[in-house]
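K.L.:
no letters, just coordinates:
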């Protein structure tokens, strides 16, 4: 039986936060009563009272229990609100959806952050939007000064996601390739896994929504991927339009994404990042196709990769799934790692 609360969940977030809009889209799809609260100077005291970490989104349940980190938030709410499920019943398809959710959160964020903060046009557009969001009643001169501070701070953080002069061509070529692969896949269905949104939709969509709202990436999406654009807009208020598809049909256009993006780029990067953290290195390099990718380690991703491995280990019959994971180059990375 579906739990029907009479009380409201509160979500502290921001329109320019991919993880905030990801959770908001999920709440909308599930029909969970909620209040969207912009994290700002006016709401900071309430945010601080509940937040364990200074990150958004923060979801506060009706019983005042706080939840942070978009993936665990969705996992927790899915237990309370099981219908309509965002997990296909097929073990293979369901885990591939979880893999894409992780890929969106961690690799898709590289595209988003790079396009938003690497070029001057996008820097100025984004810093201005954030400044007006944070200080909606401020005078123009004050907004301009705040925007410059935001711009300087965010540009400094580009290195955190691996955006630098050497990696920029790989990020941009990878995004355009993904856009074209996704366009072919979504030409045949409204959502990634068929007629209704899956777990993977929310993780990938949060990044694509933000990319669409920025000048350079938004022009790429609108200029070459009309079906991706329709999906981006559909996921703002997602609804079930049919059933999840079966793997043989999905795989025709999903396997190229999994092989060329998830297996060839994301998984080797994930494992190299994990090793760098394990050995306390300041930077790491990894061969991705024809290029060498170098960046500082991302500590959070090692934890989220461990969570994905736990989900894999929990599955009982992995026989069909393992065949696909082996083919796309992800099986070894999801199995228990040598210490």
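P.N.:
Sure thing, it's come through. In this text the structure is predicted, and so the values were computed from the model without any measurement. Numbers count the residues shown, from 1 in each chain.
K.L.:
all helices for the stretch 201-339 of the chain, in order.
P.N.:
215-224, 226-234, 247-257, 267-278, 299-314, 319-328, 331-334 (DSSP state H, counting those that start in this stretch).
K.L.:
these: lowest mean pLDDT?
P.N.:
Of all the helices of the stretch 201-339 of the chain, mean pLDDT reaches its minimum on helix 299-314 (a mean of 92).
K.L.:
can you tell me which residues contact residue 107?
P.N.:
By CB atoms under 8 Å, 6 or more residues apart in numbering, the residues touching residue 107 are 261, 262, 265, 266, 269. Glycine gets a C-beta too; all of them are placed from N, C-alpha and C.
K.L.:
most neighbours of all the residues you listed, which one?
P.N.:
residue 266 (26 neighbours; other CB atoms under 10 Å).
K.L.:
going along the chain, name the helices of the stretch 51-200 of the chain.
P.N.:
Counting by DSSP H, counting those that start in this stretch, the helices of the stretch 51-200 of the chain are 70-80, 91-103, 109-117, 120-134, 140-156, 168-186, 199-213.
K.L.:
a markdown table please, covering these and showing mean pLDDT and distance to residue 229.
P.N.:
Output for those, formatted as a markdown table (pLDDT from 0 to 100; distance: least, CB to CB, whole Å):
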| stretch | mean pLDDT | distance to residue 229 |
| --- | --- | --- |
| helix 70-80 | 97 | 23 |
| helix 91-103 | 98 | 19 |
| helix 109-117 | 98 | 16 |
| helix 120-134 | 95 | 18 |
| helix 140-156 | 96 | 26 |
| helix 168-186 | 97 | 9 |
| helix 199-213 | 98 | 7 |
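K.L.:
who wins for proximity to residue 322 among those helices?
P.N.:
Closest of the helices of the stretch 51-200 of the chain to residue 322 is helix 91-103, at 9.4 Å (criterion: CB to CB).
K.L.:
picking up where we left off before, in strands, which of the contacts of residue 107 fall?
P.N.:
Secondary structure from DSSP state E places none of those in strands.
K.L.:
can you confirm residue 26 is in a strand?
P.N.:
No: Residue 26 is assigned helix when assessed by DSSP: H, G, I helix; E, B strand; the rest coil, not a strand.
K.L.:
hmm, residue 15 is touching residue 133, no?
P.N.:
Yes: between residue 15 and residue 133 there is a contact under CB atoms under 8 Å: 7.0 Å.
K.L.:
quick one: terminal-to-terminal distance for stretch 146-166?
P.N.:
30 Å (CA to CA, to the nearest Å).
K.L.:
can you pull the buried residues of that stretch?
P.N.:
146, 147, 150, 151, 154, 158, 161, 162, 163, 164 (16 or more other CB atoms under 10 Å).
K.L.:
tell me which of these is nearest to residue 285?
P.N.:
Looking across the buried residues of stretch 146-166 and measuring by CB to CB, the closest to residue 285 is residue 162, at 10.8 Å.
K.L.:
how far away is the closest one from residue 72?
P.N.:
Per CB to CB, to the nearest Å, residue 162 is found 24 Å from residue 72.
K.L.:
cool, residue 43 as well?
P.N.:
22 Å.
K.L.:
which among the helices of the stretch 201-339 of the chain is found nearest to residue 76?
P.N.:
From the helices of the stretch 201-339 of the chain, taking CB to CB, the stretch that ends up closest is helix 299-314, at 12.8 Å.
K.L.:
identify, from the contacts of residue 107, the entry nearest to residue 106.
P.N.:
Of those, the one sitting nearest to residue 106 (CB to CB) turns out to be residue 266, at 7.2 Å.
K.L.:
how about the closest one, what does it touch?
P.N.:
103, 106, 107.
K.L.:
cool, and residue 182?
P.N.:
225, 228, 257.
K.L.:
scan those residues and report the most crowded one.
P.N.:
residue 228 (26 neighbours).
K.L.:
OK, contacts around that residue?
P.N.:
Neighbours of residue 228 in contact, by CB under 8 Å, 6+ apart: 179, 182, 183, 186, 208, 221.
K.L.:
please redo it, this time with the cut-off set to 6 Å
P.N.:
Applying CB atoms under 6 Å, 6 or more residues apart in numbering to residue 228 gives the contacts 182, 183, 186, 221.
K.L.:
what is the burial count for the residue lying closest to residue 184 once chain neighbours are set aside?
P.N.:
In this structure, residue 184 finds its nearest non-sequential neighbour in residue 253, 5.2 Å apart by CB to CB, 6 or more residues apart in numbering. Residue 253: 17 surrounding residues under other CB under 10 Å.
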